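J.: no FASTA, just this:
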């Protein structure tokens with residue numbers, strides 16, 4: 001079940017779902033449903049809750065810590081790493097919104113062009129290194145199609161204040177297909193510096209929701225939802241190195257998440273319990289569709305089961321795969 005027509009949501013769940021979405025993003029829980037501020041908020045909220053209930057894979061969009069380049073030499077090593085022939089299924093560069101296949105001189109030209117516009121010494125570097133991950137079993141061609149469209153939508157569309165050039169590669173890891181994006185932070189049109197944070201127009205919610213949306217369009221089951229809506233209270237592990245130029249073994253070191261205070265844990269637990277009540281409410285609403293509707297009966301059961309899991313302190317799924 002990778003997509004849901006709006007008519008289903010309107011006919012069966014209607015405005016009660018909108019109210020649940022509104023409460024979850026600004027009310028008692030203090031959390032927000034992915035896609036808020038974009039079109040079709042109700043449908044996006046429904047997909048997130050229904051996807052969680054059915055244990056759909058989660059979107060994973062990760063900016064690698066310490067992945068920003070501070071010099072031409074670092075950028076050269078990083079681009080050589082992500083585009084290396086033994087790992088890459090497809091490689092390309094994007095400038096002014098146009099994808100171009102890599103040639104023998106492309107990387108050297110990119111290093112020269114990008115670094116010539118760098119000014120100052122940004123703490124995180126002049127570039128960002130972002131990884132787009134796909135669920136196990138994803139076809140490599142579908143992953144490439146999604147990655148190309150995602151890069152265009154996020155960095156080349158001009159929708160987030162500028163256009164940013166990048167080099168991208170899809171790696172054919174049989175257990176973990178993923179795409180690398182090395183992005184020059186200096187905007188092509190206005191020179192605006194790329195900023196990815198919850199205070200910016202471009203943030204992780206936006207990137208993950210677009211990833212999930214494009215993946216579903218290509219037949220890949222995926223949703224983008226809040227960690228707490230899945231019952232995951234702990235902070236995520238952090239990666240101190242990216243899998244490349246700074247580590248010859250090719251493996252980043254994961255460090256334990258920071259400690260959590262008892263007050264913070266209790267607060268997060270209250271949010272999870274609020275989500276449990278929302279799943280229960282959605283289960284009741286779905287059950288009102290009438291007897292004989294096998295789809296909605298199954299969905300109702302999934303919502304109720306999710307509510308029970310969260311109430312008992314469990315999580316709806318494990319952490320998404322990470323590099």
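T.: Here it is on my side, so go on. Computed from a predicted structure; not experimentally measured.
J.: how's this structure carved up into domains?
T.: What the TED database lists as the domains of the chain is 45-56+226-312, 60-218.
J.: the helix or strand that residue 278 is a member of - what's its average pLDDT?
T.: Following DSSP states H and E, one finds residue 278 within helix 262-287. The pLDDT scores in helix 262-287 average 93.
J.: right, and the helix or strand after that helix?
T.: Past helix 262-287, the next helix or strand by DSSP H and E is helix 294-311.
J.: now do that next one: distance to the chain's middle.
T.: Relative to its parent chain, helix 294-311 has a centroid offset of 25 Å by Cα atoms, centre = their mean, to the nearest Å.
J.: repeat that for stretch 48-68.
T.: 5 Å.
J.: list the buried ones in it?
T.: 48-54, 56-64, 67-68 (16 or more other Cβ atoms under 10 Å). Where C-beta positions appear, they are placed from N, C-alpha and C, glycine not excepted.
J.: which residues sit in contact with residue 76?
T.: Listed by Cβ atoms under 8 Å, 6 or more residues apart in numbering, the contact set of residue 76 reads 107, 108, 111.
J.: for stretch 187-203, what is the average pLDDT?
T.: 92.
J.: tell me the buried residues in it?
T.: Applying 16+ other Cβ under 10 Å to stretch 187-203 flags 187, 188, 194, 196, 202 as buried.
J.: helices and strands of the chain: which one bottoms out on pLDDT?
T.: Lowest by mean pLDDT, DSSP states H and E among the helices and strands of the chain is helix 6-8, with a mean of 38.
J.: what helix or strand is the residue positioned nearest the centre of the chain on?
T.: With distances taken as Cα atoms, centre = their mean, residue 208 lies nearest the centre of the chain, 2.7 Å away. Taking DSSP H and E as the definition, residue 208 sits inside helix 204-217.
J.: give me the distance from that helix to the chain's centre.
T.: That offset, for helix 204-217, works out to 6 Å (Cα atoms, centre = their mean).
J.: that one - contacts with which helices or strands?
T.: With contacts taken as 3 or more Cβ pairs under 8 Å, 6 or more residues apart in numbering; DSSP states H and E, helix 204-217 sits against strand 60-63, helix 140-151.
J.: dump those into JSON lines; add distance to residue 169 as well.
T.: Formatted as JSON lines, these follow (distance: least, Cβ to Cβ, whole Å):
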{"stretch": "strand 60-63", "distance to residue 169": "15"}
{"stretch": "helix 140-151", "distance to residue 169": "9"}
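J.: of all those, which lies closest to residue 231?
T.: For the helices and strands packed on helix 204-217, the distance to residue 231 is smallest for strand 60-63, at 17.7 Å, taking Cβ to Cβ.
J.: next secondary structure element downstream of that closest one?
T.: Assigned by DSSP H and E, the successor of strand 60-63 is helix 72-82.
J.: could you look up the SS state of the nearest residue to residue 195 once chain neighbours are set aside?
T.: Spatial nearest neighbour of residue 195, chain neighbours left out: residue 202 (7.0 Å); criterion: Cβ to Cβ, 6 or more residues apart in numbering. Assigned with DSSP: H, G, I helix; E, B strand; the rest coil, residue 202 falls in the coil class.
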